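In: Test case, fold it:
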Amino acid sequence: MKKRDATKLIILDRDGVINQDSDAYIKSLDEWLPYPEAILAMARLSRAGYTLAIATNQSGISRGYYDLATLESMHSRLRELVSEAGGAIAHIAFCPHGPDDSCDCRKPKPGLLCQIRDALKFDSLERSWMVGDSLRDLQAGKAMGCRPVLVRTGKGRRTEAQGKELEYVEVYDDLAAFTDWLLTKG
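Out: The predicted model follows:
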């Protein structure tokens with residue numbers, strides 16, 4: 001069986017990378033506000049042969065702010081928008097647990113990335129891309145051998161200003177800027 005090329009896998013955090021983030025949580029489909037340029041960037045990456053996956057902490061479920069059906073409505077809308085733009089999302093992994101639940105999937109732990117690796121049948125995530133707006137996204141990616149990318153949208157500017165663990169991290173204004181770089185570098 002042919003090994004899948006992890007260099008063509010891009011794992012994205014959701015809130016703050018694909019859609020606006022909120023310290024009050026995204027609790028409904030009406031509150032889920034995608035960045036139009038991020039949707040277009042995802043479609044461009046997909047059309048260029050990249051596999052897209054999402055790894056997102058969703059502790060609002062465990063906190064009782066919204067339920068699985070609400071989360072699925074947001075993800076269904078996301079898939080629809082990317083599809084309408086000509087792209088596809090291969091897998092969405094989410095952690096419904098809170099920070100005190102001792103799960104193995106809440107970033108910065110790598111459990112969500114392990115789920116993506118297994119669901120998409122990659123032997124390893126070495127040299128794939130992990131794009132996020134927080135240190136925990138980058139830490140999860142690094143634990144799996146991903147190349148970390150910080151975007152300045154969402155909490156990204158705050159993460160960049162803190163300057164912790166950002167050695168060897170690519171930094172871009174947003175997902176569209178990273179996409180421009182990635183698609184023109186080769």
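
In: for the protein, which strand is longest?
Out: strand 51-57 (DSSP state E).

In: What residues sit buried inside that one?
Out: Across strand 51-57, burial judged by 16 or more other CB atoms under 10 Å covers 51-57. C-beta: built from backbone N, CA, C; applies to glycine.

In: swap in stretch 174-181?
Out: In stretch 174-181, counting by 16+ other CB under 10 Å, buried: 174-179.

In: residue boundaries of the helices in the chain?
Out: Using DSSP state H, the helices of the chain run over 36-47, 68-84, 111-119, 135-143, 156-162, 175-185.

In: Pull the residues that contact the third one.
Out: Contacting residues not belonging to helix 111-119 are listed as 9, 11, 53, 55-57, 91, 93-95, 103-106, 122, 124-125, 130, 140-141, 143-144, 146 [CB atoms under 8 Å, 6 or more residues apart in numbering].

In: Among these, the buried ones, what's the ChimeraX command?
Out: With 16+ other CB under 10 Å as the criterion, this ChimeraX line picks the buried residues out of the contacts of helix 111-119:
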select :9,11,53,55,56,57,91,93,94,95,105,106,122,125,130,140,141,143,144,146
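
In: where in this structure is pLDDT low?
Out: In the predicted model of the chain, residues 1-2, 186 satisfy pLDDT under 70.

In: how does it look with 90?
Out: 1-5, 185-186 (pLDDT under 90).

In: And for stretch 85-102, what's in contact with it?
Out: The contact list for stretch 85-102, computed with CB under 8 Å, 6+ apart, reads 39-40, 42-47, 51-59, 61-63, 68, 71, 75, 78-79, 82, 103, 105-107, 111-113, 115-116, 119-120.

In: Thank you kindly, that will do.
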